[in-house]
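K.L.:
Prediction below, plus the sequence it came from.
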Amino acid sequence: MNKPLRRIAIFCGVLIFALLARTNYLQYVKADELNTRDENRRVRIERYAHERGNIIVDGGKSITGSTETTSSDFKYKRVWQDGPMWAPVTGYSSQAFDASQLEKIEDGILTGNDDQLFFDRTMSMFTGEKKQGGNVVTTLNSAAQKAAFEGLGNKKGAVAALDPQTGAILALASTPSYDPSTFAGNSDKDSKAWQKLQKDKDKPMLNRALRETYPPGSTFKIVTAAAALENGLYTDIDAKTKSPVPFRLPQTTQDLPNEGSIQCENVPLREALRISCNTVFGKISDDLGNQKMIDQANKFGFNKDVFTPVRATESVYPKDNPPQNAMAGIGQASNRATPLQMAMVASAVANDGKLMQPYMVAKRQSPGLDDIYTHEPEQLSQPLSAENAQKLQEMMKTVVESGTGSNAKIQGVTVGGKTGTAQHGLGNSENPYAWFISYAKTDSGSPVAVAVVVEDSKATRDDISGGGLAAPIAKRVMQAVIDSKK
Amino acid sequence: MSVVTNTTTIGAIDAPSRRNTELMMMVFAIAISVFAYANVGLAMDGKIPSGMFGYGAGLILLGGVAHLVVRKFAPYADPLLLPLATLLNGLGLVLIWRLDQSPRLIQRAEYLYGAYSPDAPKQLLYSAIGVALFVAVLMVLKDHRILQRYTYISMAAALVLLVIPMFFPAVNGAKIWISLGPFSIQPGEFAKILIAIFFSGYLMVKRDALALASRRFMGLYLPRGRDLGPIITIWALSILILVFETDLGTSLLFFGLFVVMLYVATERTSWIVFGLAMSAVGAVSVASFEPHVQDRVNAWLDPFSKATMEQSDQIAQSLMSFGSGGTLGTGLGQGHSDLIMFAANADFILSTVGEELGLAGMMAVLLIYGLIVERGVRTALAARDPFGKLLAIGLSGAFAIQVFVVAGGVMGLIPLSGMTMPFLAYGGSSVLANWALIAILIRISDTARRPAPAPAPSSDAEMTQVVRP
């Protein structure tokens, strides 16, 4: 019986050998593939096993943090300071609902998993230090952000403020807002908070400063004026224009009205902007034609996504027929812009025609606080010549000094601006949006350009105007930036 | 003292008893287990666990008693079997204790049953009963050949054990449990031993008839129906019962046992062919009408598919456990194998070994199983009587197949078919049955290695003269 016994022994050996081969295959050959599978919860356990890096404002103040949780296998949970105020900047990072915006884009740095941090990870492996995430240093100015957020108050709207000389984003507010801390974990409470936010018809999680487009209304007249100057349609801002009242929309039997009983016939550009004549700018847009208007708008950044690095929805100045094009020239019809886009328009004018690439990440830091990336300001385009930019500055200054934007005046500072009251809804049935874009200028150039939009449907229709609702908010933001520079 | 330095198990003449080797190996096995226990505590709480003294003392007591009983009642037994089983049992206790502390599993138990009670103390109790059974077998069973007398009683007992669970409610889809108040027994584990006894006894008597009195048919030697009939009936009956109880692993085990023992008894290769053909027919026909089997096969083919994951993500979780362990493992207490949730400390305990001890630990554990099987096969080779040979190969073959089916299942090598990893997994029946199995193997190896009694002195004998050149 020994011969078959030996064969059975070999058979048993083969069984054990097959198991040994399989465990080698699984744990050595396939290990990486298994470890990176989406189904592998360990990836997320590891992700939340140590403190996430922070998002920094004002060059050193952290607006985020981490807190230890005991309720689940995800050890650390994200917390935010002044969550609702900063949410449009940070986005959220939730154990249950992933992350968004800056928290999502800079996830690699914040978790410490980014390839740029390879060296740090390797070092801490040897020194036995706890793994930590890196920091993201933003350009945001907390005083400006606070002014914007509190200025909006319980109104629905958004504010975007830029440093025209660098493109640095100084404030980015959106109301109504949400507190990302309420759903940062993965408990029932967190999902209830999330569900509630998803169902809220005021859309608190919408980043209105970057992701919502509005008809820019009269604030777009700055772009139309720039197009007129750049294309040589008019050169002297104080010379009479050829613009009749009423101005009949081309190819139609409809007149483009002016708001109220203002005197707009053949007024110079400066005056037309001061009192916001629709007829003058509608005619400019019509005279230049759709293509030239599109070209000018594109130079300001329209028809293109902007990455800050958080993506801002593209603002649209579309191809259109002549009557629609004339309407688009005064910021109506299918013309749509984000608050960030309109802040870019104001900043290009303030920066003598140079449009800087907007950005909000100034630096990325390793866990050891070494800079691993520093943003260099970058020019995006030159929408208008320095000379024409100065002409527009003159015009915008007049708007604030003695026109519709007088609510934005700041003692001892040159302020240029433009109001807008954009109609929307079917047959203009809904309450208009109140816009204001402006910049402040001091001896050392312009420190801030800002765009404000208020879409408040609670106010009575007659009270809504860019100058009345939006300009005071812009003023607070500009004041805050100037004060913080002192 | 003998001058023969024969170090193999087979040494028929005056083999050393090797009891001191066994003692040293026992110390080693217990030391590793206690060290592992400390390791879990340090990793999970940052301090030496408070239960370590009790655990160590318990293990030393159990191991010590088992060793002393072997020393007294089976002095020539194989020295490796007991330490290997002790090591696996000890490591199993550590792993179960480690999983007991998983917040995930505690939460799950509280959610499902409203209360949570740790499994490790129960397993320690089962181990104690298991060692008591081991001691009882060695003390009562003075010679394994006695078992031959109980050939048909074993058969009847095995069938009864297999049938009873049909009258009890299914637990998690399989009717393999007998529940008596707080206790539940998985009789399949004991039936394994009884069936091996029956096959050995029957085949020993009929092996010549089966091997020789056969007709040639299509190149194969087929035995006469009256020789093969009873055994095929018993085998088919047990398989059928198990199929109705949806206990696939045990059916496979019994089938493998049947083929192996028939082959060893008859020395006919045709039995292998015959057996494989039958198993192919059986597997295909069962798979064609059992949705349970089809699900298992689908889960094996694509463990990460949506359909599989919705039904059960156990295989996927187990595979990811192995992947996560990598070469060296995460370290005891630092893995997440508890993500497997259901049966993490029973059928899937090997995934915890894979994750926390890594490829290195897995290879070590598989080699320990391999060594037990190998010592069993050597016992079979060394046994002098056909019954002992058949019983030893049957038990060690069954052990090897069980290890392969369970480990292969949780590693995705073959479809999963729910059995327990001997000694390592949580479960009273399994621990008891396997201690009994080791006891029988030790008894056979003791008989096999015991020096032949000196021939009675004959008055005629003269002194043999040794002539030296």
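P.N.:
Cool, got the structure.

K.L.:
Double-check residue A:170 against residue A:162; I have them as touching.
P.N.:
Yes: judged on CB atoms under 8 Å, residue A:170 makes contact with residue A:162 at a distance of 6.4 Å. All C-beta atoms are positioned from the backbone trio N, CA, C, and that covers glycine.

K.L.:
residues contacting residue B:294?
P.N.:
Residues in contact with residue B:294 (CB atoms under 8 Å, 6 or more residues apart in numbering or on different chains) are residue B:287.

K.L.:
What strand or helix carries it?
P.N.:
Here residue B:294 sits within helix B:291-301, counting by DSSP states H and E.

K.L.:
What mean pLDDT does the following helix or strand past that helix get?
P.N.:
Stepping forward along the backbone from helix B:291-301, the first helix or strand reached (DSSP H and E) is helix B:306-311. Helix B:306-311 carries an average pLDDT of 83.

K.L.:
What are the buried residues along helix B:306-311?
P.N.:
B:308, B:309 (16 or more other CB atoms under 10 Å in any protein chain shown).

K.L.:
So which residues of the stretch 351-469 of chain B form strands?
P.N.:
Under the criterion DSSP state E, counting those that start in this stretch, the stretch 351-469 of chain B carries no strands.

K.L.:
quick one: the helices in it?
P.N.:
B:386-410, B:428-449 (DSSP state H, counting those that start in this stretch).

K.L.:
By proximity to chain B, which residue of the stretch 1-150 of chain A wins?
P.N.:
residue A:34 (2.6 Å; CB to the nearest CB).

K.L.:
check contacts around the nearest residue to that residue once chain neighbours are set aside.
P.N.:
Excluding the flanking residues, the one nearest residue A:34 by CB to CB, 6 or more residues apart in numbering or on different chains is residue B:323, at 2.6 Å. Contact partners of residue B:323, counting by CB under 8 Å, 6+ apart, are A:26, A:27, A:30, A:31, A:32, A:33, A:34, A:35, A:40.

K.L.:
one more time with 7 Å, if that's ok
P.N.:
A:26, A:27, A:30, A:31, A:34, A:35 (CB atoms under 7 Å, 6 or more residues apart in numbering or on different chains).

K.L.:
Name only those of those residues that count as buried.
P.N.:
Those of these that meet the buried threshold are A:26, A:27, A:31, A:34, A:35, by 16+ other CB under 10 Å.

K.L.:
from those, which ones fall inside helices?
P.N.:
Judged by DSSP state H, those include A:31, A:34, A:35 as members of helices.

K.L.:
check contacts around residue 399.
P.N.:
Here I'm looking at chain A. Contact analysis of residue A:399 by CB under 7 Å, 6+ apart lists A:273, A:274, A:405, A:416, A:417, A:418.

K.L.:
that's the wrong chain, I meant chain B
P.N.:
Shown in contact with residue B:399 (CB under 7 Å, 6+ apart): B:372, B:373, B:376, B:422, B:437.

K.L.:
closest to residue B:333 among those?
P.N.:
residue B:422 (23.5 Å; CB to CB).

K.L.:
next one: phi and psi at the closest one?
P.N.:
The phi/psi pair for residue B:422 (degrees, to the nearest 10) reads phi -50, psi 130.

K.L.:
Give me the nearest residue to it, chain neighbours excluded.
P.N.:
Closest residue in space to residue B:422, ignoring its immediate chain neighbours: residue B:434 at 4.5 Å, by CB to CB, 6+ apart.

K.L.:
Is it correct that that neighbour is in contact with residue B:423?
P.N.:
Yes: contact criterion CB atoms under 7 Å: residue B:434 and residue B:423 qualify, at 5.6 Å.

K.L.:
Looking at the two now, which is surrounded by more residues?
P.N.:
Neighbours per residue (other CB atoms under 10 Å in any protein chain shown) separate residue B:434 from residue B:423, with residue B:434 holding more: 30 against 25.

K.L.:
quick one, longest strand in chain A?
P.N.:
Assignment by DSSP state E gives strand A:430-442 as the longest strand of chain A.

K.L.:
quick revisit: only the buried residues of the helix holding residue B:294, if you could.
P.N.:
Quick answer for helix B:291-301 (16+ other CB under 10 Å): B:293, B:295, B:296, B:299, B:300.

K.L.:
Closest to chain A out of these?
P.N.:
Ranked by distance to chain A (CB to the nearest CB), those are led by residue B:300 at 12.6 Å.

K.L.:
Please report the distance of the closest one from residue B:311.
P.N.:
13 Å (CB to CB, to the nearest Å).

K.L.:
tell me the secondary structure for residue 241?
P.N.:
I went with chain A, as the question did not name one. Under DSSP: H, G, I helix; E, B strand; the rest coil, the three-state class of residue A:241 is coil.

K.L.:
I figured it was touching residue A:280, is that so?
P.N.:
Yes: with contact defined as CB under 7 Å, residue A:241 reaches residue A:280; the gap is 5.7 Å.

K.L.:
And those two? Which one has more around it.
P.N.:
Ranked by neighbour count (other CB under 10 Å), residue A:241 and residue A:280 place residue A:280 first, with 33 against 24.

K.L.:
what does the stretch 151-300 of chain A have sitting close to chain B?
P.N.:
Taking CB under 7 Å from any CB of the partner chain, no part of the stretch 151-300 of chain A reaches chain B.

K.L.:
Show me the strands in the stretch 151-300 of chain A, by range?
P.N.:
Using DSSP E, counting those that start in this stretch, strands in the stretch 151-300 of chain A cover A:157-162, A:169-175, A:247-248, A:255-256.

K.L.:
next one: the stretch 151-300 of chain B
P.N.:
Ranges of strands in the stretch 151-300 of chain B, per DSSP E, counting those that start in this stretch, are B:178-180, B:183-185, B:214-217, B:220-223.

K.L.:
so residue B:134 touches residue B:441, yeah?
P.N.:
No: taking contacts as CB under 7 Å, residue B:134 lies outside contact range of residue B:441: 10.7 Å.

K.L.:
who's in contact with the closest residue to residue A:277 other than its chain neighbours?
P.N.:
Excluding its sequence neighbours, the residue lying closest to residue A:277 (CB to CB, 6+ apart) is residue A:264, at 3.7 Å. Neighbour list for residue A:264: A:245, A:258, A:272, A:277, A:279, A:280 [criterion: CB under 7 Å, 6+ apart].

K.L.:
average pLDDT for the helix holding residue B:294?
P.N.:
Regarding helix B:291-301, the rounded mean pLDDT is 84.

K.L.:
coming back round to it: which among the contacts of residue A:399 end up buried?
P.N.:
Once neighbours are counted (16+ other CB under 10 Å), the buried part of these comes down to A:273, A:274, A:405, A:416, A:417, A:418.

K.L.:
Sort these by pLDDT and name the bottom one.
P.N.:
Scoring the buried ones among the contacts of residue A:399 by pLDDT puts residue A:405 last, at 83.

K.L.:
Appreciated, that's everything.
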